[in-house]
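Visitor: next input, structure requested:
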Amino acid sequence: MPKAQWNGVVVAESDDTVVVEGNHYFPREALDDQYVASSDTTSVCGWKGTANYFTLEVNGEKNPDAAWYYADPKPEADSIRGRVAFWKGVEVTE
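Guide: Modelled structure (predicted):
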(Lines give C-alpha, C1' and ligand atoms only; values in the text may rest on other atoms or scores of the structure.)
Protein backbone atom coordinates (compact mmCIF):
# COMPACT_ATOMS: atom_id res chain seq x y z
CA MET A 1 0.00 0.00 0.00
CA PRO A 2 1.45 3.41 -0.90
CA LYS A 3 2.55 5.52 2.04
CA ALA A 4 4.19 8.90 2.48
CA GLN A 5 6.76 9.24 5.26
CA TRP A 6 8.73 12.15 6.58
CA ASN A 7 10.97 12.49 9.60
CA GLY A 8 10.29 8.88 10.60
CA VAL A 9 6.49 9.16 10.57
CA VAL A 10 3.84 7.98 8.11
CA VAL A 11 1.89 11.13 7.18
CA ALA A 12 -0.41 9.48 4.60
CA GLU A 13 -1.28 5.92 3.60
CA SER A 14 -3.83 4.58 1.12
CA ASP A 15 -4.33 1.85 -1.45
CA ASP A 16 -6.29 4.39 -3.52
CA THR A 17 -3.72 6.72 -5.10
CA VAL A 18 -3.71 8.30 -8.54
CA VAL A 19 -0.29 8.64 -10.19
CA VAL A 20 0.19 11.76 -12.32
CA GLU A 21 3.59 12.79 -13.66
CA GLY A 22 5.23 10.24 -11.35
CA ASN A 23 3.58 11.58 -8.18
CA HIS A 24 1.16 9.57 -6.04
CA TYR A 25 -1.88 11.66 -5.19
CA PHE A 26 -3.40 10.36 -1.95
CA PRO A 27 -7.04 10.93 -0.99
CA ARG A 28 -7.20 13.98 1.29
CA GLU A 29 -8.70 11.87 4.06
CA ALA A 30 -5.58 9.64 4.01
CA LEU A 31 -3.46 12.56 5.25
CA ASP A 32 -2.93 12.50 9.03
CA ASP A 33 -4.14 15.95 10.08
CA GLN A 34 -2.04 16.04 13.25
CA TYR A 35 1.02 16.62 11.04
CA VAL A 36 -0.50 19.18 8.66
CA ALA A 37 -0.84 22.95 8.63
CA SER A 38 -2.23 25.08 5.81
CA SER A 39 0.15 27.29 3.86
CA ASP A 40 -0.50 30.52 1.98
CA THR A 41 1.74 29.35 -0.87
CA THR A 42 0.23 28.78 -4.31
CA SER A 43 1.64 27.93 -7.73
CA VAL A 44 0.12 27.46 -11.16
CA CYS A 45 0.37 24.49 -13.50
CA GLY A 46 -0.69 25.10 -17.09
CA TRP A 47 -2.84 21.99 -17.35
CA LYS A 48 -3.80 21.26 -13.71
CA GLY A 49 -4.58 24.74 -12.40
CA THR A 50 -3.66 26.48 -9.14
CA ALA A 51 -1.96 24.38 -6.47
CA ASN A 52 -2.24 25.02 -2.75
CA TYR A 53 0.19 23.68 -0.16
CA PHE A 54 0.43 22.17 3.29
CA THR A 55 3.38 22.39 5.66
CA LEU A 56 4.25 19.20 7.52
CA GLU A 57 5.30 19.30 11.17
CA VAL A 58 6.65 16.08 12.64
CA ASN A 59 8.61 15.62 15.88
CA GLY A 60 9.02 19.38 16.24
CA GLU A 61 10.45 19.89 12.73
CA LYS A 62 8.68 21.73 9.92
CA ASN A 63 8.82 20.95 6.21
CA PRO A 64 7.23 24.02 4.55
CA ASP A 65 5.00 23.40 1.54
CA ALA A 66 5.91 19.69 1.43
CA ALA A 67 2.45 18.64 0.23
CA TRP A 68 0.31 20.12 -2.50
CA TYR A 69 -3.21 19.78 -3.84
CA TYR A 70 -5.50 21.31 -6.43
CA ALA A 71 -8.69 22.53 -4.75
CA ASP A 72 -10.32 23.26 -8.09
CA PRO A 73 -8.31 21.52 -10.83
CA LYS A 74 -8.91 22.11 -14.50
CA PRO A 75 -11.23 19.54 -16.13
CA GLU A 76 -8.35 17.53 -17.62
CA ALA A 77 -6.91 17.06 -14.10
CA ASP A 78 -10.17 16.22 -12.35
CA SER A 79 -8.79 12.78 -11.36
CA ILE A 80 -6.69 14.52 -8.67
CA ARG A 81 -9.52 16.57 -7.16
CA GLY A 82 -9.55 16.02 -3.39
CA ARG A 83 -6.06 14.46 -3.46
CA VAL A 84 -2.66 15.41 -2.03
CA ALA A 85 0.87 14.76 -3.33
CA PHE A 86 4.28 15.19 -1.69
CA TRP A 87 7.85 16.33 -2.35
CA LYS A 88 10.68 18.07 -0.43
CA GLY A 89 12.11 14.92 1.11
CA VAL A 90 8.83 13.14 1.80
CA GLU A 91 9.44 9.51 0.83
CA VAL A 92 6.58 7.83 -1.02
CA THR A 93 6.80 4.05 -1.21
CA GLU A 94 4.46 1.47 -2.66
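
Visitor: quick one: contacts for the closest residue in space to Asp15 that isn't next to it in sequence?
Guide: Nearest non-adjacent residue to Asp15, counting by C-beta to C-beta, 6 or more residues apart in numbering: Met1, 4.6 Å away. Heads up, the C-betas are built off the backbone N, CA and C, glycines and all. If you count contacts by C-beta atoms under 8 Å, 6 or more residues apart in numbering, Met1 has them with Glu13, Ser14, Asp15, Glu94.

Visitor: what of Val9?
Guide: Tyr35, Val58, Asn59.

Visitor: the strands in this structure, which residues?
Guide: In the chain, the strands defined using DSSP state E lie at 3-6, 9-13, 18-20, 23-27, 36-45, 49-58, 61-69, 83-86, 91-93.

Visitor: quick one: residues in contact with the third one.
Guide: Under the contact criterion C-beta under 8 Å, 6+ apart, strand 18-20 has outside partners His24, Tyr25, Lys48, Ala77, Ser79, Ile80, Arg83, Ala85.

Visitor: same question for that strand, mean pLDDT?
Guide: For strand 18-20, the mean per-residue pLDDT is 97.
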